[in-house]
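K.L.:
What follows is a predicted structure for the sequence shown.
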Amino acid sequence: MEKDKHLKDQVIYITNSAYDELESLPRSSNSKEEMHQMEETPEIVE
């Protein structure tokens with residue numbers, strides 16, 4: 001269970017970092033939508 005929580009925290013951290021990177025770049029608002037779609041896609045872990 002602890003491992004899962006750690007993994008989830010890591011995913012949240014990575015996602016937040018990606019959002020911060022998007023924020024810091026001058027971009028159109030539709031980049032945010034693309035980011036949102038990526039978030040909804042379940043990640044395939046081999």
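P.N.:
Yes, it's here.
K.L.:
separation between residue 15 and residue 3?
P.N.:
19 Å (CB to CB, to the nearest Å). For the C-beta atoms, the positions are set from N, CA and C on the backbone; glycine is no exception.
K.L.:
ok now do residue 21, which residues does it touch?
P.N.:
Contacts for residue 21 (CB atoms under 8 Å, 6 or more residues apart in numbering) come out as none.
K.L.:
That one sits in which helix or strand?
P.N.:
Here residue 21 sits within helix 2-24, counting by DSSP states H and E.
K.L.:
residues of that helix that come out buried?
P.N.:
Judged by neighbour count (16 or more other CB atoms under 10 Å), helix 2-24 contains no buried residues.
K.L.:
Now it: average pLDDT?
P.N.:
In this model, helix 2-24 has a mean pLDDT of 87.
K.L.:
Kindly export that helix (C-alpha atoms) in CSV.
P.N.:
Output of helix 2-24 as CSV, limited to C-alpha atoms (Å, rounded to 0.1, in the frame of the first residue of the first chain):
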residue,chain,number,x,y,z
GLU,A,2,2.8,2.4,0.9
LYS,A,3,4.4,1.8,-2.4
ASP,A,4,1.2,2.7,-4.2
LYS,A,5,0.9,5.9,-2.3
HIS,A,6,4.5,6.8,-3.1
LEU,A,7,3.9,6.1,-6.8
LYS,A,8,0.7,8.2,-6.9
ASP,A,9,2.6,11.1,-5.2
GLN,A,10,5.3,10.7,-7.9
VAL,A,11,2.8,10.8,-10.7
ILE,A,12,1.1,13.9,-9.2
TYR,A,13,4.5,15.5,-8.8
ILE,A,14,5.4,14.8,-12.5
THR,A,15,2.0,16.0,-13.7
ASN,A,16,2.4,19.2,-11.7
SER,A,17,5.9,19.8,-13.1
ALA,A,18,4.6,19.3,-16.6
TYR,A,19,1.8,21.8,-15.9
ASP,A,20,4.3,24.3,-14.5
GLU,A,21,6.4,23.9,-17.6
LEU,A,22,3.4,24.6,-19.8
GLU,A,23,2.5,27.6,-17.7
SER,A,24,6.0,29.1,-18.1
